[in-house]
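Peer 1: Pasted the sequence and its predicted model underneath.
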Amino acid sequence: MADQSKPLLIKRYASRRLYNTETSDYVTLDDIAQFIRDGREVQVVDLKSGDDLTKQYLLQIIADHESQGDSVLPVNVLTDLVRSYATGVHSTVPHFLSVSFDMLRESQSMMMENFTNPMAAVPGFEAVKAQQEAFMKAMTGVWAGNEATAEPGSEPPQPSTDELEEIRRQLADLQSRLAELGG
């Protein structure tokens, strides 16, 4: 099994063919793009010189997608990138782009988390959830404990008045907290 923490090493031969060193087979630009979409880091190195060609191939993948109609980069952004090379501002552009993409990834991650659990975005949700879990654990423990001592075929004993009052108090507390969170 390949070490997913290290970049996948792709060697470019003099014939311009790309060789996947992990699977010992030739790959295409589309294969490299798929590795990246799958979350894998990739490094492309010239076999003879040892030069790192990763940027060149990543730019080629982007150019191919852009020319096939899978346009992600608006013309004004591409124009600004070209201008940044001529103005001397290019030293800040990589940092800006890196920070922007980090923020985009973080936003997407938070959106997916909220999509799978919409209540996670509600302030105090974790505290209420922990309280509910403790409540359910206590309740199942009370009933499980009573059932363990019950005789086979007999009715399970009912919670005592004190237990019922405690349950009601906890339920009222949870309802008031949920009402506060709801607004």
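Peer 2: Sure thing, it's come through.
Peer 1: how about the strands of this protein, start to end?
Peer 2: For the chain, strands defined by DSSP state E occupy the ranges 8-12, 18-20, 25-27, 42-46.
Peer 1: Any chance of a markdown table for those strands, columns distance to residue 174, mean pLDDT and mean neighbour count?
Peer 2: (Each C-beta comes from the backbone N, C-alpha and C, glycine too.) Shown next, in a markdown table, are the strands of the chain (distance: least, C-beta to C-beta, whole Å; pLDDT from 0 to 100; neighbours: other C-beta atoms under 10 Å):
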| stretch | distance to residue 174 | mean pLDDT | mean neighbour count |
| --- | --- | --- | --- |
| strand 8-12 | 50 | 96 | 18 |
| strand 18-20 | 55 | 97 | 17 |
| strand 25-27 | 56 | 96 | 14 |
| strand 42-46 | 50 | 97 | 17 |
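Peer 1: May I see those strands organised as a markdown table, with distance to residue 97 added?
Peer 2: Shown next, in a markdown table, are the strands of the chain (distance: least, C-beta to C-beta, whole Å):
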| stretch | distance to residue 97 |
| --- | --- |
| strand 8-12 | 23 |
| strand 18-20 | 26 |
| strand 25-27 | 27 |
| strand 42-46 | 19 |
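Peer 1: in the chain, which segments are predicted with low confidence?
Peer 2: Scanning the chain with the threshold set as pLDDT under 70 gives 1-4, 88-91, 114-159, 182-183.
Peer 1: That one: helices as residue ranges?
Peer 2: 29-37, 54-67, 75-87, 93-116, 125-149, 161-182 (DSSP state H).
Peer 1: Tell me which of those helices is the most buried.
Peer 2: Across the helices of the chain, averaging neighbours per residue (mean count of other C-beta atoms under 10 Å) puts helix 29-37 on top, at a mean of 15.
Peer 1: just checking, what packs against it?
Peer 2: For helix 29-37, the helices and strands in contact under the criterion 3 or more C-beta pairs under 8 Å, 6 or more residues apart in numbering; DSSP states H and E are strand 18-20, strand 42-46, helix 54-67.
Peer 1: now the angle between helix 54-67 and that helix, please.
Peer 2: Relative orientation of helix 29-37 versus helix 54-67 (axes from the mean of the first three to the mean of the last three C-alpha atoms, to 10 degrees): 100 degrees.
Peer 1: Give me the residues contacting helix 29-37.
Peer 2: 8, 10, 18, 20, 42, 44, 57, 58, 60, 61, 64, 65 (C-beta atoms under 8 Å, 6 or more residues apart in numbering).
Peer 1: so the closest residue to the fourth one other than its chain neighbours bridges to which residues?
Peer 2: This points to residue 20. Leaving aside its chain neighbours, residue 20 sits nearest to residue 27 (4.8 Å; criterion: C-beta to C-beta, 6 or more residues apart in numbering). Note on residue 27: beta-bridge partners by DSSP bridges are residue 18.
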